[in-house]
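J.: any chance you can model this:
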Amino acid sequence: MTTKRRNQILKGKHGGMQLVLTEDVAHLGKQGDLVEVKAGYGRNYLLPNGLATLPTKHNMKLLELYKSRVHQAREAKVADLKMLSEQIQRVPHITIEANANDEGHLYGSVGAPEISKSLKGKNLKVEPEMVRLQGVIKECALYEVDLSLGYDIETKVKVMVVPLKQSEKK
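T.: Take a look at the predicted model:
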C-alpha cells in the first residue's frame, strides 16, 4: 500500500526547514528566495503570517508569476521615488516656524512630523518615517536633513527653523 505524502517539509543542509519567501523579510531575504530557517520560526511565524510558503512546484510557478508583477510595480515605485527626489532637490529650503525665545532656543522641538508636514505643504509626499534626524531640532537655524525615501533612494533637504512672529504668538 502506498501513501501519498502531502506538503512534506524539505530539510536544508543544516537541518532546518526550507521555505520560499512570498514577501521581503528583514535579515532573512527577499521575495522569492529559498531560505533555510529553524522549524519553529517557519511554523510559528513565517507560514501563519503568509511571509513564506512550502517550495512545491505549484507554489514556485505561482511565485514566479507574482514576482514578475511585483517587479514591474517595484520599478514604477522606484521611478516615482527618483522623481520625488529630484523635486525635493529643486526646493532651496523649507521654512518651519516654531515658538522660540529671544536667543533662538525653541520652547518645544522640531522633529520628523513637522518636517514631513512642511514638505507635504509643497506637494512633496514625504512621510515622517522617511525623515532621518540625528535628534530633534531645538534651536532656530538652517539644518540639512537626510531623507530616506525607500529602495535605497536618499536625498537631503535644507530646513530653516525660524521663530514665530510676535503677532502670531498671542
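J.: residues in contact with stretch 151-158?
T.: For stretch 151-158, the surrounding residues in contact (CB atoms under 8 Å, 6 or more residues apart in numbering) are 74, 77-78, 81-82, 85, 88-89, 91-94, 115, 119, 142-149. Where C-beta positions appear, they are placed from N, C-alpha and C, glycine not excepted.
J.: pull out the buried members of the residues you listed.
T.: Neighbour-count burial (16 or more other CB atoms under 10 Å) applied to the contacts of stretch 151-158 gives L81, S85, I88, I94, I115, L119, Y143, V145, L147, L149.
J.: ok so, going back, just the ones of the contacts of stretch 151-158 in strands?
T.: Counting by DSSP state E, the part of the contacts of stretch 151-158 found in strands is I94, L142, Y143, E144, V145, D146, L147, S148, L149.
J.: the second one contacts V159, doesn't it?
T.: Yes: checked against CB atoms under 8 Å, the pair L142 and V159 is within contact range at 7.3 Å.
J.: who touches both of these two?
T.: Between them, L142 and V159 share the neighbouring residues H93, with contact defined by CB under 8 Å, 6+ apart.
J.: measure stretch 105-119 end to end?
T.: End-to-end distance of stretch 105-119 (CA to CA, to the nearest Å): 23 Å.
J.: so which bits of that stretch are buried?
T.: If you call a residue buried by 16+ other CB under 10 Å, then stretch 105-119 has these buried ones: L106, V110, A112, E114, I115, S116, S118, L119.
J.: and the contacts of that stretch?
T.: 88, 94-96, 98-101, 125-131, 133, 136-140, 145, 157, 159, 161.
J.: just the buried ones from these, in PyMOL syntax?
T.: Selection of buried members from the contacts of stretch 105-119 for PyMOL, criterion 16+ other CB under 10 Å:
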select buried, resi 88+94+96+98+100+126+130+131+133+137+138+140+145+157+159+161
